[in-house]
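*Asks:* Task: produce atomic coordinates for the following.
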Amino acid sequence: MKLTLPRRRFLTAALAGTSLLVGTSVTSLAQTDPAPPIGFTALFNGRDLVGWRGGDTFDYRKLMAMPEAERGKMVEKWTASMHEVNPKTGKPHWYVENGELVNDGFGAYASTDQPLGDFEFFVDYKTVAKADSGIYLRGVPQVQIWDHTEADPQGLGRAKGSGGLWNNSPGRPGKDPAVLADKPFGEWNKFRVLMVGSRVSVWLNDKEVVDHAILENYYDRKTPVPAMGPIRLQTHGGEIRWRNIYLRTIPGDEANGILARKGEDPGFKSIFNGKDFTGWDGPLDNYEIVDGAVRCKAHKGGTIYTKEQYADYVVRFEFKLPPGGNNGLAIRYPGKGDTAYDGMCELQILDEKYEEVTKSKLDPRQVHGSAYGMIAAHRGYQRPAGEWNFQEVTIQGSRIKVELNGTVILDGDVSQAKDFMANSPHPGKDRTVGHFGFAGHSDPVSFRNIRIKKL
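*Replies:* All right, here's what the predicted structure looks like:
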């Protein structure tokens, strides 16, 4: 997915078949032109609500799955709610004043027109006592905003302050902010949010309160957050003001670098030197080294593997696929036979659009990241063919976790697999040690920056 959007398109794009731009009358006492940092786009122009529509706590996947007309009616209803006049103030629930985007605490949420992938986001906010609000990321709640001085008889964690991923499960990383960073009421607070895949880092007033934590999918915790979705500014019963709302989309190479740096430690050791096949075995003549990456030769294949064997480990690497490309990770491979059956498993490395390119049909247990024939991975998180992807795989006992471009797409236990594709048994699935490698299938799939950490 190409994440960089032209500025004009970013501010005016709408969901297909739905008129979402909000150009209705608002109160504007100052014409303030935003001045975004270099590389950023202003999501709020300081004058009106162009580029914003109504939203709610509603699964973005379900919204996009609706028939076009039904989706349009729902969005129009939310958008109309934003502009309903509050009889107590005589103003709409959302309006512009002095170059600030103001909400009175009621009405539908303000949602960006354009769905977003990986991004860096800045916003300033100022709120009032007893307020409770938040920022939805890809339509998923939320980066928490609330009054940390208010009594908390329910034990919700108010005293810990704002900035946490409050809808994460209790005890999960990121749910509570690492430090209390809120400013007193009447002062502006500044958020910086970095989202790569499902991983979120948050700074509040220049203090890091969330460090590279996975945002859980509030709507279905068994499914990752969407790869694309809007930012929503939540309303929750108290006035909140927003300004300096800026966003920068993060391209794939930069996202890979962020994922590689975060969580890295000296325990990771390189297992491929980028120059030759020192430390590797198998049909090495079927592979080549190109620009520091190992690549299966076209129309060649077979499994190449490390001479060293591993039990439990984490492996990190980047991979690049041609259209329709097919390869695999050999996990606890015995050094001979078919890694999908004789090894613990073969983890699929497969083009997201394999079916479209090859005009073939896949079993769900064949898609990218799947434990071939045993456990299906989630789809929709791979970069387009020809771009580098970042992947981390954790092998611990009989459990396998696959994180692709910052999103966990598989987390399962092969010992529990009973229903096998084509009813073909996997006698090697209970192996406890073996080689790591690449199972080529005739396509020029490339791998680089390959590092393993023993557990």
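*Asks:* what about the stretch 351-455 of the chain, any weak spots by pLDDT?
*Replies:* Within the stretch 351-455 of the chain, no stretch has pLDDT under 70.
*Asks:* Would you map the helices across it?
*Replies:* 354-358 (DSSP state H, counting those that start in this stretch).
*Asks:* Quick one: the strands in the stretch 201-350 of the chain, in order.
*Replies:* Listed in chain order, the strands of the stretch 201-350 of the chain (DSSP state E, counting those that start in this stretch) span residues 207-214, 232-233, 240-249, 269-270, 280-281, 287-290, 293-296, 301-310, 313-320, 326-333, 345-350.
*Asks:* go on, the stretch 1-150 of the chain?
*Replies:* Under DSSP E, counting those that start in this stretch, the stretch 1-150 of the chain gives strands at 41-42, 52-55, 85-86, 91-92, 94-97, 100-103, 109-112, 119-127, 132-137, 140-146.
*Asks:* Looking at these, spot the one closest to residue 273.
*Replies:* For the strands of the stretch 1-150 of the chain, the distance to residue 273 is smallest for strand 119-127, at 33.5 Å, taking C-beta to C-beta. Glycine gets a C-beta too; all of them are placed from N, C-alpha and C.
*Asks:* Please state the offset of the lengthiest helix in the chain from the chain centre?
*Replies:* Criterion DSSP state H: the longest helix present in the chain is helix 68-82. Per C-alpha atoms, centre = their mean, to the nearest Å, the displacement of helix 68-82 from the mean C-alpha position of its chain is 26 Å.
*Asks:* what helices or strands is that helix leaning on?
*Replies:* strand 52-55, helix 60-65, strand 109-112 (3 or more C-beta pairs under 8 Å, 6 or more residues apart in numbering; DSSP states H and E).
*Asks:* Can I get it in PDB, CA atoms only?
*Replies:* Provided in PDB are the C-alpha atoms of helix 68-82 (Å, rounded to 0.1, in the frame of the first residue of the first chain):
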ATOM      1  CA  GLU A  68     -22.900   1.800  -0.900                       C
ATOM      2  CA  ALA A  69     -26.300   3.400  -0.400                       C
ATOM      3  CA  GLU A  70     -26.600   2.100   3.200                       C
ATOM      4  CA  ARG A  71     -23.100   3.200   4.000                       C
ATOM      5  CA  GLY A  72     -23.900   6.700   2.600                       C
ATOM      6  CA  LYS A  73     -27.000   7.100   4.700                       C
ATOM      7  CA  MET A  74     -25.200   6.100   7.900                       C
ATOM      8  CA  VAL A  75     -22.300   8.600   7.200                       C
ATOM      9  CA  GLU A  76     -24.800  11.300   6.400                       C
ATOM     10  CA  LYS A  77     -26.600  10.700   9.700                       C
ATOM     11  CA  TRP A  78     -23.400  11.000  11.700                       C
ATOM     12  CA  THR A  79     -22.400  14.100   9.700                       C
ATOM     13  CA  ALA A  80     -25.700  15.800  10.300                       C
ATOM     14  CA  SER A  81     -25.400  15.100  14.000                       C
ATOM     15  CA  MET A  82     -22.100  17.000  14.100                       C
END
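*Asks:* Quick check: mean pLDDT of it?
*Replies:* Looking at helix 68-82 alone, the average pLDDT works out to 97.
*Asks:* quick one, which of the helices and strands packed on helix 68-82 is nearest to residue 309?
*Replies:* Taking the helices and strands packed on helix 68-82 one by one with C-beta to C-beta, helix 60-65 is closest: 41.2 Å.
*Asks:* picking that back up, just send the helices and strands packed on helix 68-82 back as CSV, with distance to residue 419, mean pLDDT and mean neighbour count too.
*Replies:* Shown next, in CSV, are those (distance: least, C-beta to C-beta, whole Å; pLDDT from 0 to 100; neighbours: other C-beta atoms under 10 Å):
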stretch, distance to residue 419, mean pLDDT, mean neighbour count
strand 52-55, 39, 97, 26
helix 60-65, 26, 97, 16
strand 109-112, 40, 98, 28
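*Asks:* Indicate which one of the ones you listed is closest to residue 351.
*Replies:* Closest among these, once you apply C-beta to C-beta, is helix 60-65, at 22.3 Å.
*Asks:* Would you mind listing the buried residues in the longest helix of the chain?
*Replies:* 71-72, 74-75, 78-79, 81-82 (16 or more other C-beta atoms under 10 Å).
*Asks:* go on, stretch 298-308?
*Replies:* 300-306.
*Asks:* Dump these into a markdown table; add distance to residue 387 and pLDDT as well.
*Replies:* As requested, those are arranged in a markdown table below (distance: C-beta to C-beta, whole Å; pLDDT from 0 to 100):
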| residue | distance to residue 387 | pLDDT |
| --- | --- | --- |
| 300 | 23 | 97 |
| 301 | 23 | 95 |
| 302 | 26 | 97 |
| 303 | 25 | 98 |
| 304 | 24 | 98 |
| 305 | 26 | 98 |
| 306 | 26 | 98 |
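*Asks:* related to what we said a few turns ago, name the nearest of the buried residues of helix 68-82 relative to residue 288.
*Replies:* Checking the buried residues of helix 68-82 one by one against residue 288 (C-beta to C-beta), the nearest turns out to be residue 71, at 48.4 Å.
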